[in-house]
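Novice: starting from these lines, generate the structure:
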Amino acid sequence: RGYPFAEVFLAYEVSDERLVARVAFDVLPGRLAVVDTILVEGTRKISDDVVRRMLPLRPGDRFRQSALYESQRDLYRLGIFNYVNLALADSLPSGPEDSTVAVRVQVAEGALSRVRVGAGYGTVDCFRALMTLTTQALGGGRAIEVTARTSKIGANDPFPLGLVRSFPCQALKPDTGTARLRLNYNLTLSLSEPYLFSRRTRGTLAVFAERHSEIQAFVREVVGGNLSVTQRTGWDIPVTLTYSLSRGSTEAEPATFCSFLLVCNLDDTELFTQPLRQSTLAVTMRRERTNSIVDPTRGSTASIEIRYASPAIGSDSLIDFIKGTAEFTSYHPLGRRTTFAWRARGGVIVRPGFVFLGQGVMFVPTAERF
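Specialist: Numbers count the residues shown, from 1 in each chain. I've put the predicted structure just below:
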């Protein structure tokens, strides 16, 4: 509340006969203080201006302890600091008339470029691989991230190792000779700006290309991009608005179209296999109550997302739905180095029905289904 040098004295009276006590707190608030200096320490490759612009305090502002906590969270969210600490440079007033304070910001820079790799195995995905490259080469806290994911490695081209005939990938045998056996991939390039108009607003621009298939079901290929803006509200629940535009096609067996879309004429299925344009608006709210943004071990997170696609905002006529999802994650420490985490997720899709070639059709894009 602006009184950094407040002192609190405890006083009490005890009645031995009645076995009661009266406790009092005497508060000396001191002088109302304003910030006159902000000291930044520990920066090497990152400019001091990058740190200062993420602080809600400026010289001349009234001191607020909550602003120091808020600044610490915002600096950690940049993803470029391993350590952040904010405190008063002067722990005691220089005199009875002293009404100014200096704030010291101490940081330790992390690696400006990071590479993350992973490998895995799934019964209907064969072998998987993941690589993420993140770099702060543009400066100013801006980050470029390249993410590549692949699956069905070794099942078919471009790595024809013949694993479908052996134990690792034999679950894919029903798809032998079809396009569904080819390599799945997702390649994404994104640029994030942590200071868009203000310290409470950040933006991200991304482009992607994807190929995804499900055993004995479908193959989907899509390219597109999205633009998102995140605004942090006063109650510390970020709200993200995202606009996505993509163009993709889905190939499936005639029996799949007949079973799930009620389109059983071979000539009619051509409409659903043609590339379709999807224009989507999404609103996401996320409440985070964990003890660490980087590596949580205690607390929880909750999020809600609503997605809307319609010809009214640029989608093809077949792309028309409203989708809502909710997710909750909880972290529980089981020891000094072990954490148990669980997550629950659910949702619903609403699709207006329409008549196609005399048949009632309820079509939801395969990528949006649960």
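Novice: Pro174 touches Ile215, doesn't it?
Specialist: Yes - counting by Cβ atoms under 8 Å, Ile215 is a contact partner of Pro174 at 6.6 Å. For the C-beta atoms, the positions are set from N, CA and C on the backbone; glycine is no exception.
Novice: more neighbours: these two, which one.
Specialist: Ile215 (17 against 13; other Cβ atoms under 10 Å).
Novice: where does the stretch 151-300 of the chain dip in pLDDT?
Specialist: By pLDDT under 70, the weakly predicted segments of the stretch 151-300 of the chain are 157-162, 164-165, 177, 260-263.
Novice: which parts of it are strands?
Specialist: Remark: strands assigned in the stretch 151-300 of the chain by DSSP state E, counting those that start in this stretch are 184-193, 201-214, 218-232, 238-252, 276-290, 299-309.
Novice: which one's the longest helix in this protein?
Specialist: helix 65-77 (DSSP state H).
Novice: beta partners for the closest residue to Gly248 other than its chain neighbours?
Specialist: What sits nearest to Gly248 in space, not counting adjacent residues and going by Cβ to Cβ, 6 or more residues apart in numbering, is Val222, at 2.8 Å. Beta-bridge pairing for Val222 (DSSP bridges): Glu210, Gly248.
Novice: ok, Val222 - contacts?
Specialist: Val222 sits next to 209-210, 246-249, 367 when contact means Cβ atoms under 8 Å, 6 or more residues apart in numbering.
Novice: weed out the non-buried ones from those.
Specialist: Buried members of these, scored by 16 or more other Cβ atoms under 10 Å, are 210, 246, 248.
Novice: in contact with the residue positioned nearest the centre of the chain, which residues are there?
Specialist: The residue lying closest to the centre of the chain (Cα atoms, centre = their mean) is Arg286, at 8.9 Å. By Cβ under 8 Å, 6+ apart, the contact set of Arg286 is 237-238, 240, 301-303.
Novice: same question for Met54.
Specialist: Listed by Cβ under 8 Å, 6+ apart, the contact set of Met54 reads 71, 74-75, 78, 141, 194-195, 199.
Novice: for stretch 33-51, what is the distance to the chain centroid?
Specialist: Put simply, stretch 33-51 sits 27 Å off its chain's centre (Cα atoms, centre = their mean, to the nearest Å).
Novice: which residues sit against that stretch?
Specialist: Under the contact criterion Cβ under 8 Å, 6+ apart, stretch 33-51 has outside partners 2-5, 52, 55, 57-63, 75, 78, 80, 83, 89, 99-109, 112, 139-141.
Novice: let's see which of those end up in helices.
Specialist: 52, 75.
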